[in-house]
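Undergrad: mind looking at a prediction? Sequence and model below.
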Amino acid sequence: MQVPHPIQPSPPTNPHKRPHSQPHHQPHLHLHFPQLPHHALQILTHLSPSPSLLFWWNRLIRTALRDAAPRKALNLYKQMLCLGWNPDHYTYPFVLKASGELSTSSCVGFSLHSHVCVNGYESNVFVSNALVAMYGKCGVLGDARKVFDEMSQRGVCDGVSWNSIVSAYARNGEPGAALGMFVLGGEVDAVSLVNVLPACASVGAWRGGKEVHGYALRSGLVEDVYVGNAVVDMYAKCGMMGEAKKVFEGMEVKDLVTWNAMVTGFSQSGEFDDALVLFEKMWENEIELNVVTWSAVISGYAQRGLGFEAMDIFRKMILSRSAPNVVTLVSLLSGCAAVGALIQGREIHGYAIKHMLNRPYGDLGEDIKVQNALIDMYAKCKSFDMAHSLFNLVLPEERDVVTWTVMIGVACARLSALRFGKQIHAYVIRNRFESAMLFVANCLIDMYSKCGDVDTARNVFNLMVQKNFISWTSLMTGYGMHGRGEEALQIFDRMQEAGFVPDGVTFVVVLYACSHSGMVDRGIKYFQTMQREYGVIQGAEHYACMVDLLGRAGRLNEALDLIKGMPIEPSPIVWFTLLSACRTHGNVELGEYVAGRLLDLESQNDGSYTLLSNMYANAGRWKDVARVRSLMRSTGIRKRPGCSWVQAKKGTASFFVGDRSNPQSQEIYELLADLIQRIKVLGYVPETSFALHDVDDEEKGDLLSEHSEKLALAYGILNSAPGTPIRITKNLRVCGDCHSAFTFISQIVDHEIILRDSSRFHHFKKGSCSCRGYWTRQHVFDLDIDFSFKLCKTASTCSQSTVLCACGEPSSTVVLIVTSA
DNA sequence: ATAGGGTTAG
């Protein structure tokens, strides 16, 4: 075999083989480049290792990386080691990048790190920076920080090192730490901004984001399209689509990511119509769409329960030769599941078999996501046999928590929650999978607490062999949620005895528990000691808790002073809490001032307007109520609709005001009319003033009896066995008239009624009501997630995977499955 | 001759 000389493989040996379209005088090196790797590899495998030829290996690996084939790059590296070559300081940055891009397992990364040390390249700044980046991408924050700290001790950190560590924190759910490192770091370039903006976005720190935007404008870095895109995305994620649009329109250079960020922003902020308009525009302008664009639109439809529309987009996508990926298919399947579209689901299954699953070099971790979505889809389409056989096809070692969760949802849908819990225990014991055990048990604690049964939550907690930080916090939250502050604080003490160190979240829970249980002085004490003794920095959330604590006790001026003395910018939630307290205590003057501050910050939030209007209504200042309403009308801000849902034998049903979409609507309205007649005899008087808060003036009379919570109650009564409790959830606060009606109704029906709304629990029992609890911002956010349930066309066809799609968090899914079991 | 940090969809 004749081997060409490796040093000059690129000049063509036969110029006649060149394509005719290429003029002869062109430099020909790049023309033959695509063929190079293949030959070079053949040649290299026949040569004995030598440092002067190492360059060719590096070049091969670089080519693989550029071709977006990280696995190939790592295989080449393995091959060169097997053939006895020694990598150098150029090789490592390449292979580290490749292993970061795979990021499915940090094992490769760890062994590469040890190779680096053995060969003595850890002092090379390029190599160390690549290590930090690799660890960041693999989610091994501790090691990323270790490498960074070693560099920093040697004083060799440069701009790239700082950017790498910021990126590591930002992409691993530590936006606070990312921002901290950004502030500490020295020089700021485009990449620094692109790293820090998503961190701002993920915590809604739009004020900080705005400053970064300002800096980008002043420094001229906005010209960089990556920076512009990150700014657009930051505003979009903070729900400030107006700002996002302004930046978008001002950008001279836009790319596909810019458009995609806008489409996603509109879709996620509830302005899906605008997203579609933009999508059409991209289509008209013949912008080449990629998988992200298509998936965003598909998931937009799927999240709204519009499975058939999602399917249409999918077909369009295939026709335009875009390749769907795992994200696309999972969104699509959840859409099919939502509308019970079995035939379309099968179509996607066929596509998946042909193009995705069982690829020789496919990523198993990705495949399982499609498998899970398929199983879920078949189950939701009542094709249980198919779901079972698919489940059996998944190898036991590949099954993950989601697989089991989906299957348990199929297998034990009719069992009570407790039996479900036992199944989980059994599965966990069988699989000796402690981390999942913890995860599920923590979910159970959360679920039982939210269902109003904190004592069972305590039992789950007591039975846990292994507890982690979340377990303690969840139970403490459960007690706080039910106004059992003393018990919450006991858990707080015991948690520390068990060796767990409280963090910022713990103190939010502690302060809220104090707040709701009226333990003002103890709350103040914890607030003062948290920083001094525990080293936990007081954030906006803690100030919000304190404002709530003082506000509930009627100490409004102290609350205001506290806000004025805040070392950080008061967030909207802080002002909102004070406004809420002003309404409770009827302090209209202060309320007006606070509302002014709040609207300066968040002019788009319908909640602020509603609170203000309710405050005026409580004070009987109807002219002001009308003024707020016309302000809302003129600025185009719409009050978000009230929605209630209830669990009964048939599953979960949900209702808007005056909703008639439920098949049982006629019975529901008849029962409601009957109940109202009967409670009027007992002394119930409809309180029409409350109607003003929720509906337009001209409709107030009639619609009082059609409030979503009343409809949900009637449905619950129709579909529950006598003696069983009825559990209703509402996304907003329950209206005063409904509260009074529920109290009377609980006197004449054989059901205890537990209503959870956006502020607390209400237990109605035999003609009396006890209200207890509090909600943190997280809880209200949970309600928003549940609210998206209703966005699915009808409750009976809404699936858990739709909700999974909406909230994107498996823990919520587990909770929802348990709740509906 | 060759190197490290970057945005969007679930």
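TA: Structure's in. What do you need?

Undergrad: point out where the stretch 1-150 of chain A drops to low pLDDT.
TA: When residues are selected by pLDDT under 70, those of the stretch 1-150 of chain A lie in A:1-38, A:103-105.

Undergrad: and the helices in it?
TA: Secondary structure of the stretch 1-150 of chain A (DSSP state H, counting those that start in this stretch): helices at A:36-45, A:54-66, A:70-82, A:91-102, A:107-118, A:125-138, A:141-154.

Undergrad: redo those helices as CSV? Include mean neighbour count and distance to A:S768.
TA: No exception for glycine: its C-beta is placed from N, CA and C like everyone else's. Listed next are these as CSV, based on neighbours: other CB atoms under 10 Å; distance: least, CB to CB, whole Å:
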stretch, mean neighbour count, distance to A:S768
helix A:36-45, 15, 79
helix A:54-66, 19, 70
helix A:70-82, 18, 65
helix A:91-102, 24, 61
helix A:107-118, 16, 61
helix A:125-138, 24, 56
helix A:141-154, 17, 52
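
Undergrad: relative to A:R552, which of those is closest?
TA: Ranking the helices of the stretch 1-150 of chain A by proximity to A:R552 (CB to CB) places helix A:141-154 first, at 38.5 Å.

Undergrad: and the stretch 51-200 of chain A, which residues reach DNA strand B?
TA: Proximity of the stretch 51-200 of chain A to DNA strand B, by CB under 7 Å from any atom of the strand, involves residues A:52, A:54-55, A:58-59, A:62, A:65, A:88-90, A:93-94, A:97, A:100, A:124-127, A:129-130, A:133, A:136-137, A:158-161, A:163-164, A:167, A:171, A:189-192, A:194-195, A:198.

Undergrad: flag every residue of the stretch 351-500 of chain A that's near DNA strand B.
TA: Taking CB under 7 Å from any atom of the strand as the criterion, the stretch 351-500 of chain A approaches DNA strand B at residues A:366, A:369.

Undergrad: the residue in the stretch 351-500 of chain A positioned nearest to DNA strand B: neighbouring residues, count only.
TA: Using CB to the nearest atom of the strand, the single residue of the stretch 351-500 of chain A nearest to DNA strand B is A:K369, 4.7 Å away. A:K369 has 18 neighbouring residues, counting by other CB atoms under 10 Å.

Undergrad: how far away is it from A:A352?
TA: 11 Å (CB to CB, to the nearest Å).

Undergrad: repeat that for A:A341.
TA: 15 Å.

Undergrad: what are the boundaries of the strands in the stretch 651-800 of chain A?
TA: For the stretch 651-800 of chain A, the strands defined by DSSP state E, counting those that start in this stretch cover A:651-656, A:726-730, A:753-756, A:761-765, A:768-772.

Undergrad: now the shortest one - C-alpha only, PDB.
TA: The C-alpha coordinates for strand A:753-756 follow below in PDB (Å, rounded to 0.1, in the frame of the first residue of the first chain):
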ATOM      1  CA  ILE A 753     -65.700  21.400  51.800                       C
ATOM      2  CA  ILE A 754     -62.000  22.300  51.600                       C
ATOM      3  CA  LEU A 755     -61.300  25.200  49.400                       C
ATOM      4  CA  ARG A 756     -57.800  26.300  48.600                       C
END
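
Undergrad: who does it pair up with?
TA: Strand A:753-756 has its sheet partners listed here by DSSP bridges as strand A:726-730 (parallel), strand A:761-765 (antiparallel).

Undergrad: show residues contacting it.
TA: Here strand A:753-756 makes contact (CB atoms under 8 Å, 6 or more residues apart in numbering) with A:450-452, A:709, A:713, A:716, A:725-730, A:734, A:742, A:745-746, A:761-765.

Undergrad: restricted to buried residues, select the residues you listed in ChimeraX.
TA: Only the buried entries of the contacts of strand A:753-756 go into this ChimeraX selection, using 16 or more other CB atoms under 10 Å:
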select /A:450,451,452,709,713,716,725,726,727,728,729,730,734,742,745,746,761,762,763,764
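
Undergrad: tell me how far A:D255 lies from DNA strand B.
TA: A:D255 sits at a distance of 7 Å from DNA strand B (criterion: CB to the nearest atom of the strand, to the nearest Å).

Undergrad: correction: the previous question concerned A:N172.
TA: 11 Å.

Undergrad: sec struct for that residue, please.
TA: For A:N172, the assignment made with DSSP: H, G, I helix; E, B strand; the rest coil gives coil.

Undergrad: residues in contact with it?
TA: A:N172 makes contacts with A:136, A:139, A:141, as judged by CB under 8 Å, 6+ apart.

Undergrad: in CSV: those, plus distance to A:L390.
TA: Listed next are those as CSV, based on distance: CB to CB, whole Å:
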residue, distance to A:L390
A:G136, 36
A:G139, 29
A:L141, 36
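
Undergrad: I'd like the next helix or strand past the helix or strand hosting A:L578.
TA: Secondary structure assignment for A:L578, by DSSP states H and E: helix A:572-584. Proceeding C-terminally, helix A:572-584 gives way to helix A:588-601 as the next helix or strand, assigned by DSSP H and E.

Undergrad: for the helix holding A:L578, C-alpha coordinates in PDB please.
TA: Taking Å, rounded to 0.1, in the frame of the first residue of the first chain, the C-alpha atoms of helix A:572-584 are listed here in PDB:
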ATOM      1  CA  PRO A 572     -42.900  44.400  43.200                       C
ATOM      2  CA  ILE A 573     -43.800  41.600  45.500                       C
ATOM      3  CA  VAL A 574     -42.800  43.700  48.500                       C
ATOM      4  CA  TRP A 575     -45.000  46.600  47.500                       C
ATOM      5  CA  PHE A 576     -47.800  44.200  46.600                       C
ATOM      6  CA  THR A 577     -47.700  42.600  50.000                       C
ATOM      7  CA  LEU A 578     -48.000  46.100  51.600                       C
ATOM      8  CA  LEU A 579     -50.800  47.000  49.300                       C
ATOM      9  CA  SER A 580     -52.600  43.800  50.300                       C
ATOM     10  CA  ALA A 581     -52.200  44.700  54.000                       C
ATOM     11  CA  CYS A 582     -53.500  48.300  53.300                       C
ATOM     12  CA  ARG A 583     -56.600  46.800  51.800                       C
ATOM     13  CA  THR A 584     -57.100  44.400  54.800                       C
END
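
Undergrad: that helix packs against which elements?
TA: Where contact means 3 or more CB pairs under 8 Å, 6 or more residues apart in numbering; DSSP states H and E, helix A:572-584 is packed against helix A:540-552, helix A:556-564, helix A:588-601, helix A:606-618.

Undergrad: surely A:F391 meets A:I375?
TA: Yes: the pair A:F391 / A:I375 is scored as a contact, 5.6 Å apart, by CB atoms under 8 Å.

Undergrad: between the two, who's got more neighbours?
TA: The neighbour comparison of A:F391 against A:I375 (other CB under 10 Å) goes to A:I375, with 26 against 21.

Undergrad: low-confidence ranges in the stretch 551-700 of chain A?
TA: Scanning the stretch 551-700 of chain A for pLDDT under 70 picks out A:640, A:647, A:649-652, A:688-700.

Undergrad: err, the stretch 401-550 of chain A, not the other one
TA: Applying pLDDT under 70 to the stretch 401-550 of chain A flags the ranges A:401-402, A:404-410, A:412-440, A:447, A:451.

Undergrad: now the helices: where do they sit in it?
TA: Secondary structure of the stretch 401-550 of chain A, counting by DSSP H, counting those that start in this stretch: helices at A:401-411, A:417-431, A:434-450, A:454-463, A:469-481, A:485-497, A:504-516, A:520-532, A:540-552.

Undergrad: how far does the fifth one sit from the chain's center?
TA: Counting by CA atoms, centre = their mean, to the nearest Å, helix A:469-481 is centred 21 Å from the centre of its parent chain.

Undergrad: show me what that helix is packed up against.
TA: helix A:434-450, helix A:454-463, helix A:485-497, helix A:504-516.

Undergrad: in TSV: the ones you listed, plus distance to A:V247.
TA: Output for those, formatted as TSV (distance: least, CB to CB, whole Å):
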stretch	distance to A:V247
helix A:434-450	38
helix A:454-463	46
helix A:485-497	44
helix A:504-516	32
